[in-house]
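> below is the structure, and that's it, no one-letter string:
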């Protein structure tokens with residue numbers, strides 16, 4: 001089922017939580033809503049579910065307007081952060097519960113529940129109670145229960161935040177598998193960029209109630225719309241260089257004088273930093289302050305006065321205290337204006 005917002009606003013008193021947002025979530029896709037705490041992620045999910053209603057604007061499922069319909073009539077499934085399983089019921093009974101409420105015959109609902117238990121790979125545990133299950137197993141039960149009524153849309157609100165790191169990776173892969181097997185339109189709310197980028201067909205980045213960017217994960221990372229998106233995505237954080245001092249950096253890049261004056265900051269991701277032995281080819285230089293090794297990942301911190309540049313994937317691992325000259329391919333540099341918007345620079349070449 002396609003989900004569409006048309007000029008939707010949500011206010012609580014004088015506080016605007018969503019500011020006239022517009023988007024279209026295609027049928028059968030997994031879309032993540034990503035952003036910091038308080039940006040409007042969960043509010044958007046509640047509006048889609050019908051658990052709350054917008055102050056203004058329209059919400060459509062396909063061609064049908066559902067703005068005023070309650071949650072029951074919208075036929076959506078929801079998976080919450082705390083799973084909300086009934087502790088006195090078995091796994092099978094938990095999955096069957098929504099079907100029991102619809103008065104589906106016992107044999108039919110049991111067959112449906114077993115089918116879903118197999119889908120989420122919990123079939124061996126159907127007679128256990130929730131307290132006998134791990135966090136990941138409980139999450140699988142919650143997903144199966146949400147799918148029991150064959151919802152047109154599946155909504156997931158921070159579903160992995162209670163799991164440990166290794167289990168989070170396993171479960172996000174499982175969520176992707178289940179979504180692809182069922183084909184149900186799935187909307188996944190998270191503040192974790194790695195989760196969003198790894199499993200989604202498209203990602204919507206929200207901040208302060210406004211959509212900052214809505215695109216596929218690769219475009220989102222490589223071509224951010226603004227400084228907020230560039231800084232919100234990526235580990236380590238993108239290197240931001242203020243050009244109030246040192247505009248000579250731009251001398252290396254063939255851009256017009258008009259474009260040059262618009263640029264106030266440049267951003268370069270750590271993996272795009274290159275070392276050079278020629279000081280005349282360097283965008284900046286500095287002393288290696290620290291080399292951090294975490295497994296196969298090596299992160300180098302280079303200090304230049306008050307500024308610090310972070311680099312990964314350098315060809316050779318430098319020593320602490322060593323002088324480094326650093327550069328980057330011009331097509332890997334992001335240019336920003338005073339307001340944090342992107343400045344498009346055409347026909348850039350390698351520095």
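In hand now; what should we look at? Keep in mind it's a predicted model, so treat the numbers as computed, not measured. Residues are numbered from 1 along each chain as shown.

> which stretches of the stretch 151-300 of the chain form helices?
165-182, 193-199, 217-222, 227-232, 257-262 (DSSP state H, counting those that start in this stretch).

> which of those sits most buried?
helix 227-232 (a mean of 21; mean count of other C-beta atoms under 10 Å). For glycine as for every other residue, the C-beta is placed from the backbone atoms N, C-alpha and C.

> what does that one contact?
34-36, 193, 205, 207, 212-213, 220, 224, 237-238, 240, 265, 267, 334, 336, 340-342 (C-beta atoms under 8 Å, 6 or more residues apart in numbering).

> filter these down to the buried ones.
By neighbour count, with 16 or more other C-beta atoms under 10 Å, these hold 34-35, 193, 205, 207, 212-213, 220, 224, 238, 265, 267, 334, 336, 342 as buried.

> surely residue 24 meets residue 1?
No: look at residue 24 against residue 1 with C-beta atoms under 8 Å: they stay out of range, at 12.0 Å.

> out of these two, which sits in the more crowded spot?
residue 1 (18 against 12; other C-beta atoms under 10 Å).

> need the contact list for the more buried one.
Here residue 1 is in contact with 27, 61, 62, 152, 153, 185 (C-beta under 8 Å, 6+ apart).

> how much space between the residue most central in space within the chain and residue 265?
What sits nearest the mean C-alpha location of the chain, by C-alpha atoms, centre = their mean, is residue 196, with 3.1 Å. Relative to residue 265, residue 196 is positioned 25 Å away (C-beta to C-beta, to the nearest Å).

> go on, residue 7?
Counting by C-beta to C-beta - residue 7 and residue 265 are separated by 32 Å.

> picking that back up, sort out for me which of the contacts of helix 227-232 are in strands.
Taking DSSP state E as the definition of strands, the contacts of helix 227-232 contribute 34, 205, 207, 212, 213, 240, 265, 267, 334, 336.

> so what's the fifth one up against?
Residue 213 is in contact with 204, 205, 220, 224, 225, 226, 229, counting by C-beta under 8 Å, 6+ apart.

> not counting sequence-adjacent ones, nearest residue to the third one?
The one in question is residue 220. Leaving aside its chain neighbours, residue 220 sits nearest to residue 203 (5.4 Å; criterion: C-beta to C-beta, 6 or more residues apart in numbering).

> before we move on, what about the fourth one?
Setting aside the residues directly before and after it, residue 224 is nearest to residue 230 in space (C-beta to C-beta, 6+ apart), at 4.0 Å.

> what bridges to residue 301?
Beta bridges link residue 301 to residue 290, residue 310 when assigned by DSSP bridges.

> wait, it sits on residue 289?
Yes: between residue 301 and residue 289 a contact is recorded at 4.6 Å, counting by C-beta under 8 Å.

> so what sits against both of these two?
residue 308.

> tell me which of these two has more neighbours.
Set side by side, residue 301 and residue 289 show more neighbours around residue 301, with 18 against 14, by other C-beta under 10 Å.

> I'd like to know how far that one sits from residue 269.
Applying C-beta to C-beta to residue 301 and residue 269 gives a distance of 15 Å.

> before we move on, what about residue 223?
Distance, residue 223 to residue 269, using C-beta to C-beta: 12 Å.

> who's more crowded, these two?
For residue 223 versus residue 269, neighbours defined as other C-beta under 10 Å are more numerous around residue 269 (24 against 14).

> give me the pLDDT value at the closest residue to residue 305 other than its chain neighbours.
In space, and not counting its chain neighbours, residue 305 is closest to residue 286: 8.0 Å by C-beta to C-beta, 6+ apart. Residue 286 is assigned a predicted lDDT (pLDDT) of 92.

> distance between the helix or strand bottoming out on mean pLDDT in the chain and the chain's centre?
When each helix and strand of the chain is scored by mean pLDDT, DSSP states H and E, helix 257-262 comes last, with a mean of 77. Its chain's C-alpha centre and that of helix 257-262 lie 33 Å apart, by C-alpha atoms, centre = their mean, to the nearest Å.

> count of neighbours near residue 31?
Counted with other C-beta under 10 Å, residues neighbouring residue 31 total 21.
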